[in-house]
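Engineer: could you work out the structure for the sequence below:
(one chain, ligands or ions: 1)
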Amino acid sequence: MTTLPTLPTPDFYDYSWAPIAEARPDGRFLHLRWPDGAELAAFDWWLRENAVDGGGVDLATREGILDPAEHSDETEMSSVELTEHGALRITWAPDGVVADYHPGWLRHVADGNHRADSWLPKPKPWTAEQLPEPPTHDGTNVLGDDEALGLWVADLLRFGIARLRGCPTDLDFNQQLGERIGAIRDTNFGVSWDVKADVEMAGSSDTNSTANTNLRLGPHTDLPTRETPPGFQFLHCVLNETAGGFSTMADGAAVAGALEVEYPEHYEALCTLNWVFFNRGPGIDHRWSGPMIDHGVDGSPLTLRAFYPVRGFPDMAPEDMPRAYAAMRVFSQLAASDRFQMSYPFEPGDIVGFDNRRILHGRDAFESGGRRHLRGIYIDHDEVRSFARVTSRRLAAKQP
Ligand SMILES: [Fe+2]
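Structural biologist: The predicted structure follows:
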């Protein structure tokens with residue numbers, strides 16, 4: 001049995017060895033091919049800046065150290081060869097640097113596993129029939145069990161919503177859960193905030209949000225008033241004496257998909273016409289303008305901006321306003337329909353996590369008095385996706 005060489009890569013992950021079958025220079029590209037037919041067209045300057053310990057990537061930090069201003073027109077591959085184990089070896093002119101590239105690292109780029117959406121579960125849009133209530137996981141030991149937490153987070157990314165049952169009802173538990181995953185997103189509501197419903201409280205002057213009343217809340221996403229609205233919300237039920245007040249959730253990815261097929265003109269209006277959203281209050285003036293359906297760049301998560309209490313102004317030509325309002329009405333009707341909306345009660349010890357930019361959440365009106373206390377946090381996609389990637393890669397590394 002031959003011993004494979006140890007080659008550092010431009011990151012800290014372990015890559016399976018994947019010997020390259022052919023390396024064919026073609027102008028400024030090097031065409032790599034593997035025995036199973038996988039291919040990668042590697043650009044010369046990209047290869048040069050990924051030479052580990054050869055002036056491209058620092059061995060200690062595994063970060064790039066080649067300032068783009070220093071790329072030289074003289075740079076070229078003076079020789080290209082495959083080592084006996086199928087690694088790529090390039091001798092660079094004019095400085096004579098010899099760099100070996102791990103074939104497994106190159107292969108992960110050929111396979112697209114370097115992309116922002118790699119190592120993450122693929123989103124699975126759902127209707128109310130397909131998902132009548134949130135996928136549910138045992139929350140009794142979720143702080144101490146990486147695998148249990150990883151499975152819950154995977155469902156959170158897949159379905160945009162996942163529930164933990166049986167969590168402690170300590171007031172700080174939700175924040176501890178968020179901190180296990182990453183940095184919590186602070187807002188003007190605070191790091192951790194309360195949604196308290198109490199019949200006595202309706203209409204009182206100390207509430208800063210429609211959420212803190214006993215009124216119905218239509219399907220919405222929180223804080224579209226921000227350049228980047230918070231990625232996820234975790235709502236922890238610590239007390240519930242009420243009847244009614246069920247949570248409602250609809251998958252905005254499924255609603256957007258249905259609009260695209262069934263109402264293409266409304267879909268186009270929702271994707272292209274902007275609205276100004278703003279949080280008003282003594283001492284704050286958060287505003288942002290954007291479309292209600294925002295797909296962002298390829299591979300980024302969907303962003304819906306939909307919250308009528310903070311939707312201020314149409315930011316479009318006057319002639320576009322009739323179709324913008326018509327499209328928004330259909331969007332909201334679909335989001336609130338039995339076809340798309342699930343409905344479920346909160347029990348003390350439940351934590352429901354959901355993608356605040358994908359899932360349209362709301363609440364039915366309460367039917368009886370009593371108190372209900374939810375503790376909420378926001379945590380951004382960056383944190384949840386990083387946690388999920390690390391978990392996925394750790395699990396993959398354990399596979400034989
Ligand atoms: Fe909300």
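Engineer: who's in contact with Leu164?
Structural biologist: Thr136, His137, Asp138, Gly139, Val142, Trp152, Leu177, Asp350, Ile351, Val352, Gly353 (Cβ atoms under 8 Å, 6 or more residues apart in numbering). Every residue, glycine included, has its C-beta placed from N, CA and C.
Engineer: biggest separation within these, which pair?
Structural biologist: Thr136 and Leu177 (15.5 Å; Cβ to Cβ).
Engineer: neighbour count winner among these two?
Structural biologist: Leu177 (23 against 16; other Cβ atoms under 10 Å).
Engineer: now do the SS call for that one.
Structural biologist: helix (DSSP: H, G, I helix; E, B strand; the rest coil).
Engineer: can you pull the contacts of it?
Structural biologist: Val142, Leu143, Leu164, Cys167, Phe234, His236, Ile351.
Engineer: helices or strands next to the worst-scoring helix or strand of the chain on mean pLDDT in the packing?
Structural biologist: Lowest on mean pLDDT, DSSP states H and E among the helices and strands of the chain sits strand 193-198, with a mean of 86. Packed against strand 193-198 by the contact rule (3 or more Cβ pairs under 8 Å, 6 or more residues apart in numbering; DSSP states H and E) you find strand 371-379.
Engineer: strand partners (parallel or antiparallel) of the strand it packs on?
Structural biologist: strand 184-185 (antiparallel), strand 193-198 (antiparallel), strand 232-240 (antiparallel) (DSSP bridges).
Engineer: among the contacts of Leu177, who's most crowded?
Structural biologist: His236 (31 neighbours).
Engineer: tell me the contacts of that residue?
Structural biologist: Cys167, Thr169, Phe173, Asn174, Leu177, Asp350, Ile351, Leu374, Arg375, Gly376.
Engineer: strands paired with the next helix-or-strand element following the least confident helix or strand of the chain, and their directions?
Structural biologist: Following strand 193-198 in sequence order, the next helix or strand is strand 217-220 (DSSP states H and E). Applying DSSP bridges, strand 217-220 is found paired with strand 359-363 (antiparallel).
Engineer: contacts for the partner strand next, please.
Structural biologist: Under Cβ under 8 Å, 6+ apart, the answer for strand 359-363 is 160-161, 211, 216-222, 233, 245-252, 255, 304, 306, 335-336, 341, 354.
Engineer: just the buried subset of the residues you listed, please.
Structural biologist: For the contacts of strand 359-363, a burial check counting by 16 or more other Cβ atoms under 10 Å picks out 160-161, 211, 217-222, 233, 245-252, 255, 304, 306, 335-336, 341, 354.
Engineer: closest one of the contacts of His236 to Ile284?
Structural biologist: Among these, and counting by Cβ to Cβ, the member closest to Ile284 is Gly376, at 18.3 Å.
Engineer: and for the closest one, the neighbour number?
Structural biologist: Neighbours of Gly376 (other Cβ under 10 Å): 19.
Engineer: quick one on the thing from earlier: ok, the contacts of His236 vs Leu120, which is closest?
Structural biologist: Nearest to Leu120 among the contacts of His236, with distances taken as Cβ to Cβ, is Leu177, at 19.6 Å.
Engineer: find the centremost residue of the chain, please.
Structural biologist: Using Cα atoms, centre = their mean, the residue of the chain that lies closest to the mean C-alpha position is His381, 3.7 Å off.
Engineer: which residue, other than its chain neighbours, is closest to that residue?
Structural biologist: Closest residue in space to His381, ignoring its immediate chain neighbours: Gly231 at 3.4 Å, by Cβ to Cβ, 6 or more residues apart in numbering.
Engineer: longest helix of this protein?
Structural biologist: helix 381-398 (DSSP state H).
Engineer: what's near enough to touch Thr187?
Structural biologist: Neighbouring residues of Thr187 by Cβ under 8 Å, 6+ apart: Trp193, Leu223, Arg226, Pro230, Tyr378.
Engineer: as TSV, these with distance to Ser78 and neighbour count would be great.
Structural biologist: Formatted as TSV, the contacts of Thr187 follow (distance: Cβ to Cβ, whole Å; neighbours: other Cβ atoms under 10 Å):
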residue	distance to Ser78	neighbour count
Trp193	61	21
Leu223	55	23
Arg226	51	17
Pro230	51	22
Tyr378	53	22
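Engineer: let's have those residues in JSON lines, adding distance to Glu74.
Structural biologist: Formatted as JSON lines, the contacts of Thr187 follow (distance: Cβ to Cβ, whole Å):
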{"residue": "Trp193", "distance to Glu74": "58"}
{"residue": "Leu223", "distance to Glu74": "51"}
{"residue": "Arg226", "distance to Glu74": "47"}
{"residue": "Pro230", "distance to Glu74": "48"}
{"residue": "Tyr378", "distance to Glu74": "50"}
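Engineer: how about those, which pair is most distant?
Structural biologist: Every pair of the contacts of Thr187 checked by Cβ to Cβ; the farthest is Trp193 and Arg226, at 15.2 Å.
Engineer: would Ala256 count as being in a helix?
Structural biologist: Yes. Inclusion of Ala256 in a helix is indicated when three-state DSSP is applied.
Engineer: distance of it relative to Val297?
Structural biologist: As judged by Cβ to Cβ, to the nearest Å, Ala256 and Val297 stand 16 Å apart.
Engineer: between these two, tell me which one has more neighbours.
Structural biologist: Using other Cβ under 10 Å as the criterion, Ala256 and Val297 rank with Ala256 on top: 22 against 6.
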